[in-house]
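Participant: what follows is a predicted structure for the sequence shown.
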Amino acid sequence: MVSRAAVAVRVQLCAEQCDQLHRDVDGLDLYNEPMNSGMGDASIPLVLEVFDWGREVNPSQPLSMDEWSGKLYKIIGDQVDVVTFHNYEPPQGLQNEIDHLKKWDRPVICTEWLNRNTGSTVADCLSIFKAENVGAIYWGLVNGRTQTNLN
């Protein structure tokens, strides 16, 4: 297991490098899905430390974190500059989550989306993102060797 001190050094180095390359880096997603590791609420202290480390280096890029459930909802909402989230639900579920997250009054970007098997389609998702002025990043429209395959 990596020590917290080692993680702090890595966060600082990453932020400094991103700052030097600021034209190419639009934001820093500090911790992807912290509760998905099986740690549950035990990840909360590390989440708070990660934001502290991110702020200490004073990056020019906005900070975000993809986890909007349970006790982390308010913690992350109070910390992020940009709201980023994942959603694989049909259109109404996507719309509901966007409505909920817009309450933070910050830019919103969906960084993982699309699960055709549940009724989540490209056309439906893109029309919602456009209507709600929500950014969308998609990391693979086809099933590839390293692509997450929800089928």
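Facilitator: Cool, got the structure.
Participant: tell me the pLDDT at S127?
Facilitator: We have a pLDDT of 97 for S127.
Participant: restrict the lowest-mean-pLDDT helix or strand in the chain to CA atoms and write it as CSV.
Facilitator: Least confident helix or strand, the chain: helix 4-20 with a mean of 70, by mean pLDDT, DSSP states H and E. C-alpha atoms of helix 4-20 as CSV (Å, rounded to 0.1, in the frame of the first residue of the first chain):
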residue,chain,number,x,y,z
ARG,A,4,-0.2,9.1,2.3
ALA,A,5,3.0,11.1,2.2
ALA,A,6,3.8,9.4,-1.2
VAL,A,7,0.4,10.2,-2.5
ALA,A,8,0.8,13.8,-1.4
VAL,A,9,4.1,14.1,-3.3
ARG,A,10,2.5,12.6,-6.4
VAL,A,11,-0.5,15.0,-6.3
GLN,A,12,1.9,17.9,-5.9
LEU,A,13,4.1,16.8,-8.8
CYS,A,14,1.0,16.2,-11.0
ALA,A,15,-0.5,19.6,-10.3
GLU,A,16,2.9,21.3,-10.9
GLN,A,17,3.3,19.5,-14.2
CYS,A,18,-0.2,20.3,-15.2
ASP,A,19,0.3,23.9,-14.3
GLN,A,20,3.4,24.0,-16.6
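Participant: contacts for it?
Facilitator: Contact with helix 4-20 is made by 25, 28, 30, 46, 49-50, 53-54, 56-57, 59-61, as judged by Cβ atoms under 8 Å, 6 or more residues apart in numbering. Any C-beta I mention is one placed from the backbone N, CA and C, and that applies to glycine too.
Participant: now with 6 Å?
Facilitator: V25, W53, V57, P59, S60, Q61 (Cβ atoms under 6 Å, 6 or more residues apart in numbering).
Participant: most neighbours of all those residues, which one?
Facilitator: Greatest neighbour count in the contacts of helix 4-20, by other Cβ atoms under 10 Å, goes to P59: 21 neighbours.
Participant: what kind of secondary structure is it in?
Facilitator: Three-state assignment for P59 (DSSP: H, G, I helix; E, B strand; the rest coil): coil.
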